[in-house]
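[1] What shape does this take:
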Amino acid sequence: MKLFLLLLLLALMGCATEQVQRTEQQPNVDFRAYKTYNFMDVTARNAAALPSPGNGIETLKQAIGREMERRGYQLAASPDLLVNIGVVTQDKVQTRETDLHDAPIYLGQRNYHWQSQDVVVGRYEEGTATVEIVDAARQELIWQGSVKSILSPKADKLAKQIDATVAALFEKYPVLPTQ
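    All right, here's what the predicted structure looks like:
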């Protein structure tokens, strides 16, 4: 029974959806007035996060680029908007608390004492990505959003996860996708 519950919990954890943590935008900004975008250099801030170049920062940049282009922005060398990306990953430990059913049976000991304890049942990696949109001419932050998700260790699933996470974040962006 415990093995079943553990497997169910791990399966649910693997299907866990992204969580948009927050979004903020500067008031009175006409986001439709901007036509072009490009990315700021992200290597300094994110050197240790998502280390594999094909599935980490580059995949995140591609997903953000698709969302920006869905909203009518075009990639340009001298852009109206700069996109800044920050990524933090953390190794997490999943535990459960033992109960009396886990206690060993002792016979003949008067001073026996047992107490519950946390037992490690799984390890996973959690990532938080922050996307900042900056007015390039004024060098002012005009929109910011962050999203958190449990990261898949499999490269193909991670790429799909990044796409879904960025799409969920950009649902909060003030410009709707163009049709």
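[2] Can you identify the element that follows the helix or strand bottoming out on mean pLDDT in the chain toward the C-terminus?
    Every helix and strand of the chain was ranked by mean pLDDT, DSSP states H and E. The lowest is helix 2-14, at a mean of 39. Scanning forward in sequence from helix 2-14 by DSSP states H and E, the next helix or strand is strand 19-25.
[3] elements contacting that following strand?
    strand 140-151, helix 155-170 (3 or more Cβ pairs under 8 Å, 6 or more residues apart in numbering; DSSP states H and E). All C-beta spots, glycine's among them, are computed from the backbone N, C-alpha and C.
[4] okay if I get these as TSV plus mean pLDDT?
    Output for the helices and strands packed on strand 19-25, formatted as TSV (pLDDT from 0 to 100):
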stretch	mean pLDDT
strand 140-151	93
helix 155-170	91
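[5] closest one to residue 65 among these?
    Closest of the helices and strands packed on strand 19-25 to residue 65 is helix 155-170, at 9.5 Å (criterion: Cβ to Cβ).
[6] mind checking which of the helices and strands packed on strand 19-25 is nearest residue 61?
    So among the helices and strands packed on strand 19-25, helix 155-170 is nearest, using Cβ to Cβ, at 9.7 Å.
[7] thinking again about what came up before, with distance to residue 134 and mean neighbour count added, can I get the helices and strands packed on strand 19-25 in TSV?
    Formatted as TSV, these follow (distance: least, Cβ to Cβ, whole Å; neighbours: other Cβ atoms under 10 Å):
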stretch	distance to residue 134	mean neighbour count
strand 140-151	6	18
helix 155-170	16	18
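[8] Dump the ones you listed to CSV, plus distance to residue 86.
    Conversion of these to CSV gives the following (distance: least, Cβ to Cβ, whole Å):
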stretch, distance to residue 86
strand 140-151, 8
helix 155-170, 13
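[9] So which of the ones you listed is nearest residue 57?
    helix 155-170 (9.9 Å).
[10] by contact count, what packs against that closest one?
    Helix 155-170 packs on strand 19-25, helix 57-70, strand 118-135, strand 140-151, going by 3+ Cβ pairs under 8 Å, 6+ apart.
[11] how many degrees apart are that helix and strand 140-151 in direction?
    Computed with axes from the mean of the first three to the mean of the last three Cα atoms, to 10 degrees, the direction of helix 155-170 lies at 140 degrees from that of strand 140-151.
[12] Now do helix 155-170 against strand 19-25, angle only.
    40 degrees.
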